[in-house]
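# below are the sequence and a predicted model; questions follow.
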Amino acid sequence: MLADPSFRKGLRDSVLIFFAVGAFGLAYGVLAIEMGFPIWLAILSSFVILSGAAQFAMVGLISAGAFPVILAATGLGLRHLPMSATLARLIGDQPAGVRVRLAYVLVDETFGLALRAAAHNDVDDIVAYKSAADVTLLAGWVIGTGVGAWLGGTIDPGQVGIGVLFGLLFLGLAIPMVTTRRDWVVVAITVVATVVAVLILPVAWQITSAAVVASLVAVFSGE
Amino acid sequence: MSDLALVLVVGVITFGSRLAFLISPRPVPEGRVGRFLDVFSLALFMAIATAGLVAPEGTPAITPGLAAAAGGIVGGIVFKRSLLGVLAVGAIAFYVVRALAGS
């Protein structure tokens, strides 16, 4: 697979993601230990869930009980449905094993990379390209989690500004997608919807609700 | 519910939502559903970015996160929409303004 130019390009393009996701994984590892997870469970959760949003929500809400955690995971999972449909459209006919593998790492960062590569016709084989980015992301996330869990309470994620760097990463993924007047309208509506959602909704529903509302407004306003 | 069981349940929910449309080939959605899918990714990424930059502490406020947003946009323009440009200029703006603000 390393001989595949698309796979190699995927590895090159996702190097930054390794470090960015690794930093967030580190923050998650620290938080998970603070919330009482043993090191092995913190690392296992990154393998099993592989979702920064769901995992941060889990450790943030775990003291409130299982139900709020499950509700948050469901709310956050809703955003995967359109991503899943979009990726299915992007990859065309593929064996079930490939679809399951791609679903396992259907994560915002590599999804964004794959979309960008497809939009710019940068690669011949989008499955190989995304698979390489998935490997990089998985490695960054799990290694970061392990390091964070090992360091335990010696690092303050807030001091590093993890939340802001997380926002910047997604701004960087969004900017290349803004090419038409409709895209600018979607951006404007989303910013307003997100600020409103942050003010009135529980954390678990803010991002999904804002994105869905902004998309619906754009669709039904003819943009 | 034990922590391990909770991790597994959250994992199943997350994986199930990711697999929903990928598990079997289906007709490509057209019309409004298709347009929704076209714009949803951009809206999702902007929502995550806005929440992290405008309300890093959970409520909208004037913080160095706004400088990071402005820096990121400038970086995106100067470096021709490069992800690295957005991250680098945004992070520099964030740390400089935070240092100047003494926070």
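On my side now, so go ahead.
# tell me which element the most centrally placed residue in chain B is part of?
The residue lying closest to the centre of chain B (CA atoms, centre = their mean) is B:Ile48, at 3.3 Å. Applying DSSP states H and E as the criterion places B:Ile48 in helix B:31-54.
# the next helix or strand after that helix vs chain A: in contact?
Remark: after helix B:31-54, the chain's next helix or strand is helix B:64-78, criterion DSSP H and E. Yes: counting by CB under 8 Å from any CB of the partner chain, chain A has neighbours in helix B:64-78: B:Pro64, B:Gly65, B:Ala68, B:Ala69, B:Gly72, B:Ile73, B:Gly76. In this view, the C-beta of every residue, glycine as well, is placed from N, C-alpha and C.
# point me to the residue of chain B nearest chain A.
B:Gly52 (2.3 Å; CB to the nearest CB).
# where does that residue land on pLDDT?
Per-residue confidence (pLDDT) for B:Gly52: 86.
# then B:Arg26?
65.
# tell me which residues in the longest helix belonging to chain A are buried?
The residue-count maximum for a helix in chain A (DSSP state H) belongs to helix A:126-151. Within helix A:126-151, the residues scored as buried using 16 or more other CB atoms under 10 Å in any protein chain shown are A:126-138, A:140-149.
# mind giving me the packing neighbours of that helix?
The helices and strands touching helix A:126-151, judged by 3 or more CB pairs under 8 Å, 6 or more residues apart in numbering or on different chains; DSSP states H and E, are helix A:5-13, helix A:15-34, helix A:39-48, helix A:80-91, helix A:96-104, helix A:108-119.
# the same query, at a cut-off of 10 Å, please.
Applying 3 or more CB pairs under 10 Å, 6 or more residues apart in numbering or on different chains; DSSP states H and E, one finds that helix A:126-151 makes contact with helix A:5-13, helix A:15-34, helix A:39-48, helix A:52-61, helix A:80-91, helix A:96-104, helix A:108-119.
# torsion angles phi and psi at A:Pro38?
Main-chain dihedrals, A:Pro38, degrees, to the nearest 10: phi -70, psi 160.
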